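Q: Following is a predicted model, sequence given first.
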Amino acid sequence: SLTDKLQNVFKNLRSKGKLTEDDVKAALREVKLALLEADVNFRVVKQFVKDVQERAIGQDVMNGLNPGQMVIKIVNEEMVKLMGSETTELAYRPGQQITIVMMCGLQGAGKTTTTAKLAGKMKLKGKNPLLVACDVYRPAAVEQLKVNGEKQGVEVFSMGTGHSPVDIAKAAVEHANKNGNHVVILDTAGRLHVDETMMEELKAIKEQVDVAQTLLVVDAMTGQDAVNVASTFEEEIGIDGVMLTKLDGDTRGGAALSIRAVTGKPILFAGMGEKLSDLEQFYPERMASRILGMGDVLTLIEKAQDSIDEEKARDMEKRFKKAEFSFDDYLESMNQMKKLGGLSSVLSMMPGVNASQLGDIESAMDDKKMRRIEGIIYSMTPQERANPNILNPSRKQRIAKGAGVDIAEVNRLVKQFEQARKMMKQMPNMMGKRGRGRKGM
Ligand code: GDP
Ligand code: MG
């Protein structure tokens, strides 16, 4: 796989003391082959290798990094750039206007599934989306949307298969107006291949209802085909963004790396499985780390420079994922984290951790607070530290007294600890190829 190949290249680099121009070139030849094999667009690969090479040769190696790590750093940064650097948010129309989102793509790409997944995400943001069954070719598609909509607790508008998609879309918007839905998501019909009727149909919808966002759904497993499909849709009807599905499978990474560079359109979301909760915002940085197969260890190396080695980072990673994480571990990891610039900065590099969770943790991390936290933890008995579940009010009272703090502070810490523990449990195993089921990129 791409990840395995890249890791081999870097392993060789890592064993060298100093990098010569020849070393860089040889390594990048391997990188180039690996990328091509992963079905990354040829022109993209060529430019990519050129950019990395220009930056790598003759650049000063940063303090604390070895030359191999320096090349990894540059490759990583250029990959992030390829994918657009920033996370792109779905743009809603302001105020009370209805945002009409049209989902399009080939048959089987994941439109209907992604429509329902997206509706779930919108609901979490307080929106009230209306899903619209515009696939009039397959009765089963209408039923599929209804079932998925129901699972998500969102309304599905359908008129069966006896009307044109344009008429259905118009009626749906009218319904949304009366019904107070501020988002309307149109699930359109795909075809096995790009064809003229499909494009005409989509164009007609776009012209006759006020589509704000045309989102193309493409299957990451199809590699460069996905990129070609994206180019065609962009040329024919114009798209605003891409939903890249099936990134949980044995994808080669080519689509994720080339779509932005080839079409100029960002990937907004990534489908990570068949379940309706398996949709993630697309983070170029996380994707690059994943493709490099070093997860966030990459950034850890960079941040920690010589204060922590990869070995230790990997241990910490293991401890994170253990559900039975104790206060002792908490204390120890806090100390480690201090060196790395705070728990939240480490967690923020990990997939599946959200900003509000981070905020809470972050606020607990300044030095003074950390000393108080240490005081509280040291006032616990070893049993309490190992098994925080036994902390009842009278134990908490005793601990507060011992640490000379208010009981509210003890409660806060326990809550934060529990939150951290929960977060670690949820943390997907995306730490490179050591993770379960995520390899193969
Ligand atoms: P449509 O024809 O474009 O509407 O595609 P569907 O939404 O019906 O999806 C086709 C198949 O792909 C279904 O079996 C989905 O469960 C599956 N699918 C969609 N998205 C994902 C994903 O992100 N990961 C995986 N593993 N399967 C997906
Ligand atoms: Mg469908």
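A: Cool, got the structure. Ligands and ions are numbered 1, 2, ... in the order given.
Q: so which helix or strand takes in residue 27?
A: helix 21-37 (DSSP states H and E).
Q: May I have that helix as CSV, with CA atoms only?
A: C-alpha atoms of helix 21-37 as CSV (Å, rounded to 0.1, in the frame of the first residue of the first chain):
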residue,chain,number,x,y,z
GLU,A,21,21.1,15.7,-2.8
ASP,A,22,21.4,12.2,-4.2
ASP,A,23,19.6,10.7,-1.2
VAL,A,24,16.8,13.1,-1.5
LYS,A,25,16.4,12.4,-5.2
ALA,A,26,16.5,8.7,-4.7
ALA,A,27,14.0,8.8,-1.9
LEU,A,28,11.7,11.0,-3.9
ARG,A,29,11.9,8.6,-6.9
GLU,A,30,10.4,6.0,-4.5
VAL,A,31,7.8,8.5,-3.3
LYS,A,32,6.9,9.2,-6.9
LEU,A,33,6.4,5.5,-7.7
ALA,A,34,4.4,5.0,-4.5
LEU,A,35,2.1,7.9,-5.3
LEU,A,36,1.6,6.8,-8.9
GLU,A,37,0.8,3.3,-7.8
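Q: Output the contacting helices and strands for that helix.
A: Counting contacts by 3 or more CB pairs under 8 Å, 6 or more residues apart in numbering; DSSP states H and E, helix 21-37 is packed against helix 2-14, helix 42-56, helix 67-82. (Each C-beta comes from the backbone N, C-alpha and C, glycine too.)
Q: Most proximal residue of this protein with respect to ligand 1?
A: With CB to the nearest ligand atom as the measure, residue 271 is the residue of the chain nearest to ligand 1, at 2.5 Å.
Q: Backbone dihedrals for the closest residue to that residue other than its chain neighbours, both of them.
A: Distance criterion CB to CB, 6 or more residues apart in numbering; nearest residue to residue 271, sequence neighbours excluded, is residue 245 at 3.4 Å. Geometry field for residue 245 lists phi and psi as phi -100, psi 170, criterion degrees, to the nearest 10.
Q: Name the SS class of residue 190, please.
A: When the structure is reduced to helix, strand and coil (DSSP: H, G, I helix; E, B strand; the rest coil), residue 190 reads as coil.
Q: Verify the stated contact: it with residue 105.
A: Yes - the criterion here is CB atoms under 8 Å, and residue 190 meets it with residue 105 at 5.5 Å.
Q: Any stretches of this protein with poor pLDDT?
A: Low-confidence segments of the chain, defined by pLDDT under 70, are located at 12-19, 61-66, 68, 250-252, 293-325, 333-368, 424-441.
Q: where does it come near ligand 2, residue by residue?
A: For the chain, the residues in contact with ligand 2 under the definition CB under 5 Å from the ion are 111, 112, 141.
Q: For the last one, what is the enclosing helix or strand?
A: Which is residue 141. Following DSSP H and E, one finds residue 141 within helix 139-152.
Q: Just the CA atoms of that helix, as CSV, please.
A: Output for helix 139-152, consisting of C-alpha atoms alone and laid out as CSV, is shown next (Å, rounded to 0.1, in the frame of the first residue of the first chain):
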residue,chain,number,x,y,z
PRO,A,139,-38.3,3.1,-6.4
ALA,A,140,-35.9,1.4,-4.0
ALA,A,141,-33.9,4.6,-3.8
VAL,A,142,-36.9,6.6,-2.6
GLU,A,143,-37.5,3.9,0.0
GLN,A,144,-33.8,3.9,1.0
LEU,A,145,-33.9,7.6,1.6
LYS,A,146,-37.1,7.4,3.7
VAL,A,147,-35.6,4.6,5.9
ASN,A,148,-32.4,6.5,6.4
GLY,A,149,-34.2,9.8,7.0
GLU,A,150,-36.3,8.2,9.7
LYS,A,151,-33.2,6.7,11.4
GLN,A,152,-31.8,10.3,11.5
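Q: and the helix or strand that that helix is followed by with ligand 1, contact?
A: Downstream of helix 139-152, the first helix or strand assigned by DSSP H and E is strand 155-157. No - no part of strand 155-157 sits near ligand 1 under the criterion CB under 6 Å from any ligand atom; the closest distance found is 13.8 Å.
Q: Please name the strands paired to strand 155-157 in the sheet, noting orientation.
A: For strand 155-157, the pairing partners within the sheet under DSSP bridges are strand 129-133 (parallel).
Q: The strand it pairs with near ligand 1 at all?
A: No - counting by CB under 6 Å from any ligand atom, ligand 1 is not contacted by strand 129-133; separation bottoms out at 10.6 Å.
Q: Can you report how many residues neighbour residue 270?
A: Counted by other CB atoms under 10 Å, the residues lying close to residue 270 total 23.
Q: Next one: it from residue 189, what distance?
A: Between residue 270 and residue 189 the distance, using CB to CB, to the nearest Å, works out to 23 Å.
Q: what residues does the protein put near ligand 1?
A: Counting by CB under 6 Å from any ligand atom, the chain comes close to ligand 1 at 105, 107-113, 190, 217, 245-246, 248-249, 271-274, 278.
Q: Just the buried residues from these, in ChimeraX please.
A: Under the burial definition 16 or more other CB atoms under 10 Å, those of the residues of the chain next to ligand 1 that qualify are selected in ChimeraX by:
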select :105,109,110,111,112,113,190,217,245,246,248,249,271,272,273,278
